[in-house]
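# Only the shape, not the letters, is given here:
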């Protein structure tokens, strides 16, 4: 089954060109089925790229998914056309009374700023609160994950001496978790960030479980004990060229940037990088949607929060 998106969303032509099954709103109206409702809170500057990457990962599933794209009302995006935002995005006040099977909150390039100094922090805190009562399971990415861990559990972030940048090997600590069903013993995940949360800080919080780590990149995935919140530090949704585009952009601007590790063959930026994380990314999103959203969410979303998850799934 496909992912349901607006007829004119730019991601539609990209995904269809990759033979990914997407369904327009017009066609979905003729199907007698309740799709999973997912809110995608997109904090990234170049929103069209991010929404396309995440929609691609969610589309590889037999479930029909209806996505609401959400932007911050308290922040004006400078890198996404205004007409795109007006046509396809909602603000939090437009969805505040709605319930969703799942929510994805992306990262943002603001790791070096104190949380409380981020322009849209008060609005984001409202969204964090809202997810605990109006969303069945929430998937936080990179800075969004660090911010949510800080807000919900007081877990601090630590500024890294240099940017963590590249593709790194990982392994699951909770191998029997359904989130990792089908994963290899070792798998690769892209990272691009200036800050981290530590395993030591995570283990101090009994409500949290450290699920996946990397010897080089540190904490990867943290989950709460009920499967209602996941905090993912890497970017399994990235396209093969994303890190390279970021690298050459910063080089052209004269910014201090190291070559992404384990990315270019023979560490030669003139060679095309090899995508070695796409299968893992597809599995991660598919497993989350299947086991922690679809199989446990109430059919009637008004009953959200009244049913409990099977903790054995973690």
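Yep, that arrived. Worth saying up front: this structure is predicted, and the values here are computed from it rather than measured.
# following the strand ranked longest in the chain, which helix or strand comes up?
Ranked by residue count, the top strand of the chain under DSSP state E comes out as strand 158-172. Downstream of strand 158-172, the next assigned helix or strand under DSSP states H and E is strand 187-196.
# contacting residues around that following strand?
For strand 187-196, contacts defined as Cβ atoms under 8 Å, 6 or more residues apart in numbering pick out 107, 111-112, 142-143, 146, 157-160, 163-171, 214, 217-220, 233-236, 238, 242-243, 246, 260, 262, 276-277, 280. Just so you know, the C-beta spots here come from the backbone N, C-alpha and C atoms, and that holds for glycine as well.
# Helices of the stretch 1-150 of the chain, residue ranges please.
With DSSP state H, counting those that start in this stretch, the ranges of helices along the stretch 1-150 of the chain come out as 10-17, 25-28, 47-59, 82-88, 92-95, 121-134, 143-153.
# Then the stretch 151-300 of the chain?
Counting by DSSP H, counting those that start in this stretch, the helices of the stretch 151-300 of the chain are 199-203, 242-252, 278-287.
# Verify the stated contact: residue 156 with residue 201.
Yes - look at residue 156 against residue 201 with Cβ atoms under 8 Å: they come within range, at 6.3 Å.
# what about residue 111, distance to residue 167?
The gap separating residue 111 from residue 167 is 19 Å, by Cβ to Cβ, to the nearest Å.
# Oops, could you answer that again for residue 259 instead?
Taking Cβ to Cβ as the measure, residue 259 falls 12 Å from residue 167.
# more neighbours, those two?
Set residue 259 next to residue 167 and count neighbours by other Cβ atoms under 10 Å: residue 167 wins out with 25 against 15.
# need the contact list for that one.
Applying Cβ under 8 Å, 6+ apart to residue 167 gives the contacts 188-191, 243, 260-263, 276-277.
# Can you give the distance of stretch 276-295 from its chain's centre?
Once both centres are worked out by Cα atoms, centre = their mean, to the nearest Å, stretch 276-295 turns out to sit 11 Å from its chain's centre.
# Adjust the sequence numbering to begin at 20 for everything that follows.
With 20 as the first residue, the last one maps to stretch 295-314.
# low-scoring stretches of the chain, by residue?
In the predicted model of the chain, residues 20-27, 30-52, 318-333 satisfy pLDDT under 70.
# Count the residues that sit near residue 271.
Neighbours around residue 271, by other Cβ under 10 Å: 8.
# Residue 102 too?
8.
# Can you tell me how far it is from residue 96?
Using Cβ to Cβ, one gets 12 Å for the distance from residue 102 to residue 96.
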